[in-house]
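A.B. asks: what would the 3D arrangement of this be:
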Amino acid sequence: MEDQNKNNLLFFEADSMKNLFDCLTKWQKENKKRLLSINVQQENNTFCCIALTNPTEVIICNGNGTDQARVSGGILWVTS
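C.D. replies: You can find the predicted model right below:
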């Protein structure tokens, strides 16, 4: 996937929870991204983690009728 913002599924593995934590922390610092959610499981003698990053892409569009979202003066306005 060329647009890295659209690729938000990650996999990590390590031989201990501490090493997995260190791996996740290192990834966050290097990529300057937050993890939206993680799921840690033990698989044989390793700890595995599937993680979702917090996407930075947000699309705001006008709704139909009275339901709308818009940005004005740096503030998000939502009406319904």
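
A.B. asks: ranges for the strands of this protein?
C.D. replies: Secondary structure of the chain (DSSP state E): strands at 9-14, 35-43, 46-53, 68-72, 75-79.

A.B. asks: return the most buried member of those.
C.D. replies: Of these, the one with the most neighbours on average (mean count of other CB atoms under 10 Å) is strand 46-53, at a mean of 16. Placement of C-beta: from N, CA and C, glycine included.

A.B. asks: strands paired with that one, and their directions?
C.D. replies: Strands that pair with strand 46-53, judged by DSSP bridges, come out as strand 9-14 (antiparallel), strand 35-43 (antiparallel).

A.B. asks: and those strands as JSON lines, adding distance to K26?
C.D. replies: JSON lines is the format used below for those (distance: least, CB to CB, whole Å):
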{"stretch": "strand 9-14", "distance to K26": "10"}
{"stretch": "strand 35-43", "distance to K26": "12"}
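
A.B. asks: ok, which of those comes nearest W27?
C.D. replies: Ranking these by proximity to W27 (CB to CB) places strand 9-14 first, at 7.2 Å.

A.B. asks: please work out the average pLDDT along the closest one.
C.D. replies: For strand 9-14, the mean pLDDT works out to 95.
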